[in-house]
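Asks: coordinates only, sequence not included:
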């Protein structure tokens, strides 16, 4: 009851507010007593450890030059002793020479953690030699063992002091402060980059819209209309030439069977007949003397005489077609064809002189390039936005505040 009433009137400790810029300095002051005490404690332990290393080296020298108290042992036993003494001394000196305590607390802690394993290996490699040396140099070898045992005790004490000192917690908090600052700087730079890329994208969109307007206006210009008219007229003439040639081709298609039979009878005109079957229009234009008229007349006579055998309907159709393909027909065909070709050439020359298509293509290429740049910026903006979404500044800050509270008991708010 009294505790409840006491708690009611208990003043809440104000939350300490510290800017992120000053948190390093504040935390260094807060953790300074722990670090100062640890520095002194580890310094004393290091001195003790180095003293034992020095004593161990001195005792190894004593062992190396120690003489047997019993001079009357057998030579074989002397050799046996000597070999084991050399092995033991070499192992001990090698072990001591490789000891590296380090100067920073992290290195010291790592050393204290690995010392046990190194010592275990040493014991395994020297156990037999030590046992033998106990029979010959009991005091000398025992003194070295005592030095190693003292070193083990000092190292264990160093490990305990380091682990209980909160130095690892201090290191963790310092790293957390650094990470928060780096993350904030990263977000700031990334946000600036995002703004810059968005601005660049908007400029490109404006540029693209302007180019599209120019392109669309060009498509409605008198110059473009004239160009479209020429293109349409060129297609029309092309179609007329094709249709005109098809009439002649169809006529010779009707005569194909009879002409093939006839060509075998008049071998001198075999090439002429073949050229008209392959491309009637080209053959007629190349046939300056209209030899085809002679061929057709001879074919007509052959059909009438029955030299070229055809069924009644086919015979009638063939004679009718031959009748149509007279000199006047060919002359008119050539005249019309040449006129169409002349008009086609004239249109193509006008089109070749026009740069409308080049202008339109150039505008479209520019539009496409700007659009590609816009898409590139879109991808970059999306990547940056995704990266910013992963960032949890507030979470990092709260985690740091909680760790500082657990470490020092101080409840604070870091002001970004």
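Replies: On my side now, so go ahead. The structure presented is a predicted model; accordingly, all values stated were derived computationally and were not measured.
Asks: what's the first helix or strand after the host helix or strand of residue 215?
Replies: Using DSSP states H and E, residue 215 falls within helix 167-219. Going down the chain from helix 167-219, the next helix or strand is helix 222-254, by DSSP H and E.
Asks: packing partners for that next one?
Replies: helix 280-286, helix 312-324, helix 327-353, helix 356-390 (3 or more C-beta pairs under 8 Å, 6 or more residues apart in numbering; DSSP states H and E). C-betas here are computed from N, CA, C, even on glycine.
Asks: and of those helices, who's closest to residue 61?
Replies: helix 356-390 (62.5 Å; C-beta to C-beta).
Asks: other residues contacting the helix or strand following that closest one?
Replies: Counting by DSSP H and E, the element after helix 356-390 in chain order, helix or strand, is helix 393-408. Residues outside helix 393-408 that contact it (C-beta atoms under 8 Å, 6 or more residues apart in numbering): 27, 30-31, 166, 169-170, 172-173, 176-177, 179-180, 183-184, 187, 410-414, 416.
Asks: again, only this time at 7 Å
Replies: Contacts to helix 393-408, defined as C-beta atoms under 7 Å, 6 or more residues apart in numbering, come from residues 27, 30, 166, 169, 172-173, 176-177, 179-180, 183-184, 187, 410-414, 416.
Asks: what does stretch 159-175 give?
Replies: Applying C-beta under 7 Å, 6+ apart, the contact partners of stretch 159-175 are 27, 31, 34-35, 38, 41-42, 45, 105-106, 108-109, 112-113, 403-404, 407.
Asks: for the stretch 51-200 of the chain, which spans come out with low pLDDT?
Replies: By pLDDT under 70, the stretch 51-200 of the chain has no low-scoring segment.
Asks: so where do the helices sit in it?
Replies: With helices called from DSSP state H, counting those that start in this stretch, the stretch 51-200 of the chain shows them at 75-97, 105-136, 138-164, 167-219.
Asks: most tightly packed of those helices?
Replies: With neighbours taken as mean count of other C-beta atoms under 10 Å, those reach their highest mean count in helix 138-164, at a mean of 17.
Asks: what angle separates that one from helix 105-136?
Replies: Counting by axes from the mean of the first three to the mean of the last three C-alpha atoms, to 10 degrees, helix 138-164 points 160 degrees away from the direction of helix 105-136.
Asks: chain center to helix 138-164, what's the gap?
Replies: 54 Å (C-alpha atoms, centre = their mean, to the nearest Å).
Asks: the inter-axis angle of that helix versus helix 75-97?
Replies: Using the same axes, to 10 degrees, the inter-axis angle of helix 138-164 relative to helix 75-97 is 20 degrees.
Asks: between helix 167-219 and helix 138-164, find me the angle.
Replies: Going by the same axes, to 10 degrees, helix 138-164 makes 50 degrees with helix 167-219.
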